[in-house]
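# Just need the structure, nothing else, for what follows:
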Amino acid sequence: MKGVVVNLFRNQPYAAGVLIAGRGHIGRERAEEWAAAVPGSRTRILDWLRLASDSGDWRRFERLAGVAVHLRPEGLAPILAAVLASGARGVNAEDLVDMLGELRAPEAVDVIGALVRERKGSDGPFFPLCVKGVQSLGEIGTPEALALLRGIATSTPEEWPGPLRWHAAEQLGIEDELGFDEDMMLGGG
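Numbers count the residues shown, from 1 in each chain. Just a heads-up that it's a prediction; the model follows:
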């Protein structure tokens, strides 16, 4: 199999990445196995991500990003943030937001904040993308991210939906102080 992978690797620079990564969840162990099996992958994965992005191959981009987030190459976060900011059709925004939070990427605060603001009116009633954005801002934890969360948490119900205000308050640890009822926020009312 390794000979096939190396041959594929030479002929199609980033095809091997998807072949090895396969299907399903890519955890840290699987990413390390992939990196060991694909020669040069640790140094070239950012180039492969750029190629996939430039060609609009979002499936391949997503698989490679799933590996890269565990390998943590220098320069990964700006690539992910730029793709998220592009709003390109076919991009899995929720996964990118999650990865940027996992990377604790300060350069993603503005992009995630803009996405959450843009989607707060259309992502309900459960707000999966917005909640992921709020959680990622909490993971990033920079003063800018925390200020954005505080702005959401302390806003009026007319400005931000209650569940998003509660999730932001929860990230800051001030949900009780602000008087949120967790059962009501989670629909158990």
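# Tell me where the model's unsure across the chain.
Across the chain, the ranges flagged by pLDDT under 70 are 1-23, 186-189.
# Please, where are all the helices along the protein?
Applying DSSP state H to the chain gives helices spanning 2-11, 15-21, 28-37, 41-55, 58-71, 76-86, 93-102, 109-119, 128-140, 143-153, 162-172, 182-185.
# Need the ones you listed in JSON lines (columns: mean neighbour count).
C-beta here means a position set from N, CA and C on the backbone, and glycine is covered the same way. What follows is the helices of the chain, written out as JSON lines (neighbours: other C-beta atoms under 10 Å):
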{"stretch": "helix 2-11", "mean neighbour count": "13"}
{"stretch": "helix 15-21", "mean neighbour count": "21"}
{"stretch": "helix 28-37", "mean neighbour count": "16"}
{"stretch": "helix 41-55", "mean neighbour count": "18"}
{"stretch": "helix 58-71", "mean neighbour count": "21"}
{"stretch": "helix 76-86", "mean neighbour count": "19"}
{"stretch": "helix 93-102", "mean neighbour count": "21"}
{"stretch": "helix 109-119", "mean neighbour count": "19"}
{"stretch": "helix 128-140", "mean neighbour count": "23"}
{"stretch": "helix 143-153", "mean neighbour count": "18"}
{"stretch": "helix 162-172", "mean neighbour count": "22"}
{"stretch": "helix 182-185", "mean neighbour count": "13"}
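# and stretch 108-123, how far from the chain's centre?
Mean-position distance between stretch 108-123 and its chain equals 13 Å (C-alpha atoms, centre = their mean, to the nearest Å).
# how far away is Met99 from Leu49?
When C-beta to C-beta, to the nearest Å is the yardstick, Met99 and Leu49 sit 11 Å from each other.
# Show the contacting residues for the residue lying closest to Phe61 once chain neighbours are set aside.
Closest residue to Phe61 apart from its sequence neighbours, by C-beta to C-beta, 6 or more residues apart in numbering: Ala52 at 3.9 Å. By C-beta atoms under 8 Å, 6 or more residues apart in numbering, the contact list for Ala52 reads 14, 58, 60-61, 64.
# any idea how far Ala52 is from Gly87?
For Ala52 relative to Gly87 (C-beta to C-beta), the value is 17 Å.
# Next: Ala147.
Taking C-beta to C-beta, one finds Ala147 at 24 Å from Gly87.
# Repeat that for Gly56.
Look at Gly56 and Gly87: by C-beta to C-beta, they are 13 Å apart.
# and what of Ser53?
Taking C-beta to C-beta as the measure, Ser53 falls 13 Å from Gly87.
# what's the answer for Val69, then?
For Val69, the distance to Gly87 - C-beta to C-beta - is 21 Å.
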